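# Predicted model, plus sequence, below.
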Amino acid sequence: MIDWLLAPWQHPFMQHAFIAIILVGIICGATGVFVTLRGLAFLGDALSHAIFPGVVIAFILGGNFLIGAMIAALLVSIGIGAVSQSGRISNDTAVGVLFVGAFALGVALMSTQSGYVRDLNAFLFGSILGVTTYDLWLTAIVGMVVLGLMLIFRRELTMISFDRTFSRASGLNLWIYDQLFLILLALAIVISLQTVGNILVLAMLVTPAATARLLTNDLRTMIVQSSVIGALSGVTGLYVSYYQGVPSGAAVVLTSTVIFGLVFLFEPRTGAISNRVRRRLHHPHPEQDVFPDTPAI
Amino acid sequence: MTHEPIATFDREPILVARGLSVHYETRSALRDVSLDVFPEQTTSLLGPNGAGKSTLLKVFAGMVPPSHGEVRFDGHPITTATEAITYVPQRSGADWAFPISVLDATLLGLARSRSRWRPFSRKDRDQAMHALEQVRMDHLANAQIGALSGGQQQRVFLARALLSCGRVLLLDEPFTGVDVPTQEMLVALFERLRAHGTAVVYATHDLQQAAATSDHVVLLNQRIVEQGPPAKVMTGHVLRETFGGQVVVVHAPAPEHSSAPELETVAR
């Protein structure tokens, strides 16, 4: 068993992959809590597509694609904030307009390059086995910045998620903190691109947080649990990928979906099956119930 | 008919509105409103839906800028929300599925005044518990906010406001959807706050509640129809002008020990 567990760690590329997926699991798990609580899954999905032109421009210029993606993410998140600020266009619509526009720009730019199909594939589905030491450092530093800012501004992020009217009445500038959250989310998405790819990053943001929401009613506990579930899904998924030859991004996401399913069904207090079992234990023969006031037919 | 504010108190007003108008894109919410709010005074804003009651509260809270006119707190123009003015919104503003306990939701009232580098102290928690005691919610401090009834949620909002409460407390429809014991608790709380020098301003549809609990009633329908002590201004003519349609005012003798006016029932 120990050998089975240690075997993947013999390869340096797998060591990099494990460290990367743990970092991404923790960062996306924590950020995803606010995405889930505020119902911003569409925004997460859109941002992950909208950074495509940054990746392509980095590819064309021969730069690091994480840097290109970060610059694109920051520009798009600021753009979404600015357009939705006009008041006439809802946030959701602003996201839709900018997301498809940016993605189309990326596709147009990419089509001018030879060999774009292979690189597009890496962008869409990730290439975790190609993570370099430089990528790891970049992921760790960006991750620390994201988690650090979330810790420093924890009260403001809680207030704008829980009660926006009260936040405004307390003198909070909602635009600034919405913008801060957009940037944190964009950074979390960017550093997840190489590990799980653009299509599946949404699952890293939403599924662990949704699982944690089933387990707790406390925000702090939810953030910790979501990060742990994210990292655990990542490590388990990588083992599955290593031994079964399944693409790593898909294996990681499927693992987190299975964990969600198990918690949904078997969580002791609220699980669908646990509830049924509990009802049956406390009330074993409902068919024998007699309703004295029911008139005989 | 008096449209200008009536100086009923010797001291200086804490909130002053002069010629205040608020226009949204295609409609006016408030037109030429002038009003003084004094410390140790309970003021009710009374009017039909769309009369501008909530807008006026939001202007005082620094959340909505006036289109014309000026509004001052303690002599200074209100341009943004300040800690000295606490606004309690209607219940619908919050996400009740949010994973937060009653105590933590209350502590958010201190979020702006405490260092972001440290967690809330034991003293802060004691203070939050005291605020919850005042609204009789301390026994549910650890409950999930979404598990509370509507009236209980309203009381938690009030506790949060008490925690950060400065010199003015603004409440939007505090009596709506709450049971009689909660209404009585609110009235007693307003009395205590008033005794400590706080100015309480609340919006309501409830004529009887306004008549029984306010020192000053402002009858509002985009503009001020009338303002003054309830016994003086809550007449059939003024109420008809404020609410429109047919209003029947039924008078009944006030209890001897009560300072409430003789207004018992008002029906449209």
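Done, it's in.
# Next one: A:Thr257, what pLDDT does it get?
What the model reports for A:Thr257 is a pLDDT of 95.
# pull the CA atoms of whichever helix or strand it is part of into CSV?
Under the criterion of DSSP states H and E, A:Thr257 resides in helix A:248-266. Extracted C-alpha coordinates of helix A:248-266, given in CSV (Å, rounded to 0.1, in the frame of the first residue of the first chain):
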residue,chain,number,x,y,z
SER,A,248,-5.8,14.5,-14.6
GLY,A,249,-8.2,17.4,-14.8
ALA,A,250,-11.2,15.1,-15.4
ALA,A,251,-10.0,12.7,-12.6
VAL,A,252,-9.7,15.6,-10.1
VAL,A,253,-13.1,17.0,-10.9
LEU,A,254,-14.8,13.6,-10.9
THR,A,255,-13.3,12.9,-7.5
SER,A,256,-14.7,16.2,-6.1
THR,A,257,-18.1,15.4,-7.6
VAL,A,258,-18.1,11.9,-6.0
ILE,A,259,-17.2,13.5,-2.6
PHE,A,260,-20.1,15.9,-3.1
GLY,A,261,-22.5,13.1,-4.0
LEU,A,262,-21.4,11.1,-0.9
VAL,A,263,-21.9,14.0,1.4
PHE,A,264,-25.2,14.9,-0.2
LEU,A,265,-26.5,11.4,0.4
PHE,A,266,-24.9,10.4,3.7
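# What residues sit buried inside it?
Using 16 or more other C-beta atoms under 10 Å in any protein chain shown as the test for burial, helix A:248-266 gives A:Ser248, A:Gly249, A:Ala250, A:Ala251, A:Val252, A:Val253, A:Leu254, A:Thr255, A:Ser256, A:Ile259, A:Phe260, A:Val263. Yep, even glycine has a C-beta here, placed from its N, CA and C like the rest.
# excluding its backbone neighbours, what's nearest the first one?
Pointing back at A:Ser248 there. A:Ser241 (4.1 Å; C-beta to C-beta, 6 or more residues apart in numbering or on different chains).
# so where do the helices sit in the stretch 1-150 of chain B?
Using DSSP state H, counting those that start in this stretch, the helices of the stretch 1-150 of chain B run over B:53-60, B:102-107, B:122-134, B:150-163.
# counting contacts, what elements does the second one pack onto?
Just to be clear, that refers to helix B:102-107. Packing partners of helix B:102-107 (3 or more C-beta pairs under 8 Å, 6 or more residues apart in numbering or on different chains; DSSP states H and E): helix B:122-134, helix B:150-163.
# Show residues contacting it.
The contact list for helix B:102-107 (C-beta atoms under 8 Å, 6 or more residues apart in numbering or on different chains) reads A:162, A:219, B:120, B:124-125, B:128-129, B:131-132, B:137, B:140-145, B:148, B:156, B:159-160, B:163.
# Can you tell me which residues in the stretch 51-200 of chain A are near chain B?
A:152-153, A:155-156, A:158-159, A:161-166, A:168-172 (C-beta under 8 Å from any C-beta of the partner chain).
# Out of those residues, which end up buried?
Among those, those classed as buried by 16+ other C-beta under 10 Å are A:153, A:155-156, A:158-159, A:161-166, A:168-170, A:172.
# Sort out for me which of the residues you listed are in helices.
With DSSP state H as the criterion, helices contain A:Arg155, A:Glu156, A:Thr158, A:Met159, A:Ser161, A:Phe162, A:Arg164, A:Thr165, A:Phe166, A:Arg168, A:Ala169 from among those.
# Let me have the residues you listed in TSV, extended by distance to B:Glu12 and pLDDT.
TSV is the format used below for these (distance: C-beta to C-beta, whole Å; pLDDT from 0 to 100):
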residue	distance to B:Glu12	pLDDT
A:Arg155	35	94
A:Glu156	35	94
A:Thr158	38	95
A:Met159	33	93
A:Ser161	40	93
A:Phe162	37	93
A:Arg164	34	88
A:Thr165	30	86
A:Phe166	29	86
A:Arg168	28	86
A:Ala169	24	84
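# Low-confidence stretches in chain A?
A:86-87, A:115-120, A:284, A:286-297 (pLDDT under 70).
# how close does the most far-flung residue of chain B relative to its centre sit to chain A?
In chain B, the greatest distance from the average C-alpha position (C-alpha atoms, centre = their mean) is reached by B:Trp117, at 33.1 Å. For B:Trp117, the distance to chain A (C-beta to the nearest C-beta, to the nearest Å) stands at 8 Å.
# Leaving out chain neighbours, which residue sits closest to that residue?
Per C-beta to C-beta, 6+ apart, closest to B:Trp117 is A:Ile152, 7.9 Å.
# A:Ile183 now?
Using C-beta to C-beta, 6+ apart, the nearest residue to A:Ile183 is A:Ser77, at 5.4 Å.
# residues contacting the one you found?
A:Leu47, A:Gln179, A:Leu182, A:Ile183, A:Leu185, A:Ala186.
# Quick check: residues of the stretch 1-150 of chain B near chain A?
Close to chain A, as judged by C-beta under 8 Å from any C-beta, the stretch 1-150 of chain B has residues B:61-63, B:80-83, B:86-87, B:89, B:93-95, B:98-101, B:104-105, B:108, B:111-112, B:116-117, B:144.
# which residue sits closest to A:Thr133, ignoring its sequence neighbours?
Using C-beta to C-beta, 6+ apart, the closest residue to A:Thr133 is A:His16 (7.1 Å).
# what's around the one you found, how many residues?
When counting by other C-beta atoms under 10 Å in any protein chain shown, one arrives at 18 neighbours for A:His16.
# can you tell me how far it sits from chain B?
Distance, A:His16 to chain B, by C-beta to the nearest C-beta: 35 Å.
# from the chain's centre, how far out does whichever strand or helix holds that residue sit?
Using DSSP H and E, the element containing A:His16 is helix A:12-37. Chain-centre distance of helix A:12-37: 8 Å, with C-alpha atoms, centre = their mean, to the nearest Å.
# for it, which positions count as buried?
A:14, A:16-18, A:20-37.
# Flag the shaky bits of chain B, pLDDT-wise.
Ranges of chain B meeting pLDDT under 70: B:1-10, B:91-92, B:245-268.
# just the strands in it please.
Along chain B, the segments classed as strands by DSSP state E run B:15-23, B:28-37, B:42-46, B:68-73, B:76-77, B:85-88, B:168-172, B:199-204, B:216-221, B:223-228, B:248-251, B:263-267.
# Please enumerate the helices of the stretch 1-150 of chain A.
A:2-6, A:12-37, A:41-50, A:52-61, A:65-85, A:91-111, A:116-125, A:133-152.
# need the ones you listed in a markdown table with distance to B:His216, can you?
Below are those laid out as a markdown table (distance: least, C-beta to C-beta, whole Å):
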| stretch | distance to B:His216 |
| --- | --- |
| helix A:2-6 | 75 |
| helix A:12-37 | 41 |
| helix A:41-50 | 46 |
| helix A:52-61 | 59 |
| helix A:65-85 | 38 |
| helix A:91-111 | 40 |
| helix A:116-125 | 65 |
| helix A:133-152 | 44 |
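# A:Ser127 and chain B: what is the separation?
For A:Ser127, the distance to chain B - C-beta to the nearest C-beta - is 36 Å.
# What of A:Leu215?
With the distance defined as C-beta to the nearest C-beta, A:Leu215 ends up 10 Å from chain B.
# Spatially nearest residue to that residue (excluding sequence neighbours)?
A:Gln225 (5.7 Å).
# how close does that neighbour sit to A:Val107?
Using C-beta to C-beta, to the nearest Å, A:Gln225 is found at 38 Å from A:Val107.
# between the two, who's got more neighbours?
Neighbour totals were compared for A:Gln225 and A:Val107, and A:Gln225 leads with 22 against 14 (other C-beta under 10 Å).
# between the helix or strand that contains that one and helix A:12-37, how many degrees?
According to DSSP H and E, A:Gln225 maps onto helix A:219-244. In terms of direction (axes from the mean of the first three to the mean of the last three C-alpha atoms, to 10 degrees), helix A:219-244 departs from helix A:12-37 by 140 degrees.
# Measure how helix A:219-244 sits relative to helix A:248-266, angle-wise.
Using the same axes, to 10 degrees: helix A:219-244 against helix A:248-266 is 130 degrees.
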